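**Q** Fold the following and give me the result.
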Amino acid sequence: MVHLFVIGSTGSLTTIEYEPGVVADLKRAITALAPPDQEYAHEQAWHDGNGHSHVQAALLGPSLSVPVKDAALATGTWQQVVVINHDNGPRTRKIALTLTGM
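**A** Residues are numbered from 1 along each chain as shown. Alright, predicted model coming up:
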């Protein structure tokens with residue numbers, strides 16, 4: 001089993017079929033849940049315009065566990081692991097990885 005954890009409070013991890021339609025659908029759904037144009041209490045403390053980023057990342061979550069079989073991720077045919085940056089600017093993301101059971 002490999003456990004992945006994105007370091008930072010405005011990033012998340014999930015699996016999707018990584019194709020333009022699904023990417024657009026996921027982006028639209030996440031934006032609907034926590035729109036950037038809403039007021040967030042976070043802005044009162046930091047004034048950095050990314051209150052929605054923290055909420056979006058928290059909804060999807062920072063970690064993911066994936067089985068490993070024959071030295072490869074045991075994902076579905078069209079399933080890819082993706083890191084999502086929810087912040088309002090580019091960020092370099094680090095992923096902590098723990099491998100167990102090998």
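
**Q** So which bits of whichever helix or strand residue 44 is part of are buried?
**A** Using DSSP states H and E, the secondary-structure element containing residue 44 is helix 42-46. Of the residues in helix 42-46, those scored as buried under the neighbour-count criterion (16 or more other CB atoms under 10 Å) are residue 42. Bear in mind the C-beta positions are built from the backbone N, C-alpha and C, glycine included.

**Q** I would like the residues contacting that helix, please.
**A** When contacts are taken as CB atoms under 8 Å, 6 or more residues apart in numbering, the neighbours of helix 42-46 outside the stretch itself are 49-51, 54.

**Q** Next: stretch 53-69.
**A** By CB under 8 Å, 6+ apart, the surrounding residues in contact with stretch 53-69 are 1-6, 9-15, 30-31, 33-34, 40, 42, 73-75, 81, 84, 86-88, 99, 101-102.

**Q** how long is that stretch from one end to the other?
**A** Terminal residues of stretch 53-69 are spaced 34 Å apart (CA to CA, to the nearest Å).
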